[in-house]
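A.B. asks: any chance you could fold what I've pasted below:
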Amino acid sequence: MATHDALKKIVAQAIDERRDELVELSLRIHSHPETAFEERHAAQWLSDYLESNGFRVERGICGIPTAFRATYGSGRPHIAFLAEYDALPGIGHGCGHNIIGTASAAAGIAARAAVDALGGTIYVIGTPAEEAAGGKVYMAARGAFDDLDCAMLVHPASRDSAVTYALACLELDVEFFGRPAHAAAAPEAGVNALDAMVIAFSAIGLLRQQVRSDARIHGIITDGGQAVNVIPHHTAAKLLLRSLDDDYLDALRERVLACFRAGAEATGCRLEYRWGDESRYMTMHNNRTLARVFAANFEALGRHPEEPRERRALGSTDMGNVSHLVPAIHPTVAIAPPDVPIHTEEFREFARSESGHRGLTDAAKALAMTAVDLLADPSLLESAWQEFRGELAHT
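C.D. replies: Below you'll find the predicted structure:
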């Protein structure tokens, strides 16, 4: 049987040997961007690739056509690499999910050697719609992650890190209903739904001074009226509320809703609203035990993972929901300079560049090497679960 260190060399070599086909797969996904729940080609290409490399593949899991589960091995532990592959509307792969999906598939394929030597099960789980709809939120509710011992993925970014902080996020859709009238001839006969919306957004602007520094409230008006000479009888808006604290988000939602109720009260409009609780993103619980193991492997590859210096410059991820169910990590791999933000056309170009390809192979190697550690030393997962349960007890 190969030694622990020998197995790490074997899994890293397996990725090097597949570099050309991994790059081709990543570029294929990049050149065919598909948005939330529309990732038919990407899901098929990734699941076909895994199937051709000995994985048993279940397609359309959790009632989602573009979700899949690929399995290799049997018995415990159950180690999962999560694959994302959706693109951003209008930008394409400006978040580099072509790299995430391909790296997770590559890590799973490479980790077969460790499973063959040590036992256990490797999963690559295809999770669509991270950008817009929270695919993992729906999958978590339907049991996709219930039987896992840990879950991991690596996200491209502008810095190397073994941990990621992420904000809880909740969507709010609102509508005001008033009464139309001619804006010049009889404005007093109307009930102005746009005035109600302006009042609400003005109140939210003032509220921002009184909320915690880790909270965010941002939104757009999706319907501001029908004609300039008609008192608007209907307006609509979409907002996102975020916080680094799941409980504080619950308090914040009531204060934001009060702003919209004020608009309705002041104008006489009827308010309708809908919270997106079914797709709520939760904060990210970084399992420090797993993160330390991953960081050591990242460093062995010549990377230098940093602790994020600023907890305010954060986004949200549905990986947070997974991290509330099982020990999980969401490291980042640098593919672009620090001044290039994600969700931009510039970052999209880095996601298909040579630095993107290096990030892909380094991410895959670090994930596979971390799987070797976890399979070879059961105490690591025991410690990860002890930490996980302790964190849950304090939330």
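A.B. asks: just say helix, strand or coil for the residue most central in space within the chain.
C.D. replies: In the chain, the residue lying closest to the centroid (CA atoms, centre = their mean) is Thr317, at 3.2 Å. Put simply, Thr317 is coil when judged by DSSP: H, G, I helix; E, B strand; the rest coil.
A.B. asks: was I right about it contacting Met282?
C.D. replies: No: applying CB atoms under 8 Å as the test, Thr317 and Met282 come out as separate, 9.4 Å apart. Using the backbone N, CA and C atoms, a C-beta is placed for each residue, glycine as well.
A.B. asks: Thr222 - that's part of a helix, no?
C.D. replies: No: assignment of Thr222 by three-state DSSP gives strand, placing it outside any helix.
A.B. asks: pretty sure it sits against Met197.
C.D. replies: No: using CB under 8 Å, Thr222 is not in contact with Met197, being 10.2 Å away.
A.B. asks: the two - which one has more neighbours?
C.D. replies: Neighbour count, other CB atoms under 10 Å: between Thr222 and Met197, Met197 has more, with 25 against 12.
A.B. asks: hmm, back to that, identify the contacts common to Thr222 and Met197.
C.D. replies: Residues within reach of Thr222 and of Met197 at once, by CB atoms under 8 Å, 6 or more residues apart in numbering, are Ala237.
A.B. asks: out of everything not next to it in sequence, what's closest to Ala295?
C.D. replies: Ala162 (3.9 Å; CB to CB, 6 or more residues apart in numbering).
A.B. asks: give me the number of residues near that neighbour?
C.D. replies: By the criterion of other CB under 10 Å, Ala162 has 28 neighbours.
A.B. asks: any idea how far it is from Ser379?
C.D. replies: Remark: distance between Ala162 and Ser379 (CB to CB, to the nearest Å) = 19 Å.
A.B. asks: over to Glu39?
C.D. replies: 38 Å.
A.B. asks: out of these two, which sits in the busier spot?
C.D. replies: Taking other CB under 10 Å, Glu39 and Ser379 do not tie; Glu39 has more neighbours (28 against 9).
A.B. asks: so the more buried one touches Glu84, yeah?
C.D. replies: No: applying CB under 8 Å, one finds Glu39 not in contact with Glu84, separated by 9.2 Å.
A.B. asks: would you confirm that Val163 belongs to a helix?
C.D. replies: No: under three-state DSSP, Val163 sits outside any helix and is assigned coil.
A.B. asks: just give the nearest non-adjacent residue to it, would you?
C.D. replies: Asn286 (4.1 Å).
A.B. asks: on that earlier part again, contacts only, for the residue nearest to the centre of the chain.
C.D. replies: With contact taken as CB under 8 Å, 6+ apart, Thr317 is in contact with Glu130, His155, Thr164, Ala166, Tyr281, Met284, His330.
A.B. asks: measure it to Ala80 for me?
C.D. replies: 16 Å.
A.B. asks: and stretch 343-359, what's its mean pLDDT?
C.D. replies: Stretch 343-359 shows a mean pLDDT of 96.
A.B. asks: what about the helices in this protein?
C.D. replies: Under the criterion DSSP state H, the chain contains helices at 4-17, 19-31, 40-52, 97-110, 112-118, 135-141, 193-207, 246-267, 288-300, 319-323, 345-350, 354-376, 378-393.
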